[in-house]
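Chemist: I would like the atomic coordinates for the input below:
(chains A, B, C and D)
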Number of protein chains: 2
Amino acid sequence: MDEVAGAIADPVRRRILLMLRDGDLAAGDIAGRFEISRPAVSRHLRVLREAGLVSDQVIGRQRVYRLVPAPLTELARWLTGFERAAGVNLAALDTEVRRARRDRLARREEDTG
Amino acid sequence: MDEVAGAIADPVRRRILLMLRDGDLAAGDIAGRFEISRPAVSRHLRVLREAGLVSDQVIGRQRVYRLVPAPLTELARWLTGFERAAGVNLAALDTEVRRARRDRLARREEDTG
DNA sequence: CCAACGCGTAACACATCAGTTACGCTTCTG
DNA sequence: CAGAAGCGTAACTGATGTGTTACGCGTTGG
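Modeler: Numbering: from 1, shown residues only, chains lettered A, B, ... in the order given. Okay, the predicted model is just below:
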């Protein structure tokens, strides 16, 4: 998961994933859609490969890349795990803040009382 | 989204998010659970704040952090968008590979034919 | 066959990031 | 009140990441 999360941190790589979501592409086709150099794109593609987010297949001189969505799905599942915890959190904070204030007021009354 | 994706790229920050999923924590409590220095953790907390993934509330000397899950949910939704495209992709690659092979064979037959 | 094409990688340079110690401000406590 | 506690930030350092040009290997096409 660390590599996947790291891979999608970069906007270029996210764009590549979006392109591949719409269909497989050769490396050159991908690189042609960016203004950065082809080796730079190649380097990003390598990160995606090593993170398991894309697979590549050599067809002649071309290297065709395809999306491998499973790790993204897994990350999404991990992320949705935070959604369920939201209500618990809000309630806990309100309770904590109120308790802290009550304690402080009580202490002040003891001091001045 | 760029900031959110960037924020979860770091394992320390992911751990912080997991801690906060289970309940609000003061900065000191969070820092105490790591072996790195407190300023290092503070820096990570700042990244999370600025990405909108946590909110903080000063209670006396303490700064209590709480999870803000909405941006994570949004990122999860974006990621699940890739799942739906998977079937299309596999079919397209098979088709493309078969077509390329057919074309190559056809060309070879023309040459030798 | 040979030149062009496609593309990955190495080497380099610069930017960014994440660790550290030092510092200082605010709040709390004895 | 004075010292301690809590915590953010600055400055520094070293590691990492991302851009570039140069290079070379394999495939293709004339």
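
Chemist: Check which helix or strand A:Arg14 maps to.
Modeler: helix A:11-21 (DSSP states H and E).

Chemist: same question, A:Pro39
Modeler: helix A:38-50.

Chemist: List the contacts of the nearest residue to A:Arg14 once chain neighbours are set aside.
Modeler: Closest residue to A:Arg14 apart from its sequence neighbours, by Cβ to Cβ, 6 or more residues apart in numbering or on different chains: A:Ile8 at 5.7 Å. Where you see a C-beta, it was placed from the backbone N, CA and C, and this is true even at glycine. By Cβ atoms under 8 Å, 6 or more residues apart in numbering or on different chains, A:Ile8 lies in contact with A:Arg14, A:Leu17, A:Leu53, A:Leu72, A:Leu75, B:Ala5, B:Ala9, B:Leu79.

Chemist: Look up the pLDDT of the fifth one for me, please.
Modeler: It refers to A:Leu75. A:Leu75 is assigned 97 on the pLDDT scale.

Chemist: Over to the first one?
Modeler: What the model reports as pLDDT for A:Arg14 is 97.

Chemist: that older thread, for the residue nearest to A:Arg14, give its distance to B:Arg13.
Modeler: From A:Ile8 across to B:Arg13, the span is 14 Å (Cβ to Cβ, to the nearest Å).

Chemist: Same check on A:Asp24?
Modeler: Note on A:Asp24: its distance to B:Arg13, by Cβ to Cβ, is 33 Å.

Chemist: Report how many residues lie close to the nearest residue to A:Glu74 once chain neighbours are set aside.
Modeler: Distances taken as Cβ to Cβ, 6+ apart place A:Met1 nearest to A:Glu74, at 7.0 Å, with adjacent residues excluded. Using other Cβ atoms under 10 Å in any protein chain shown, A:Met1 has 13 neighbouring residues.
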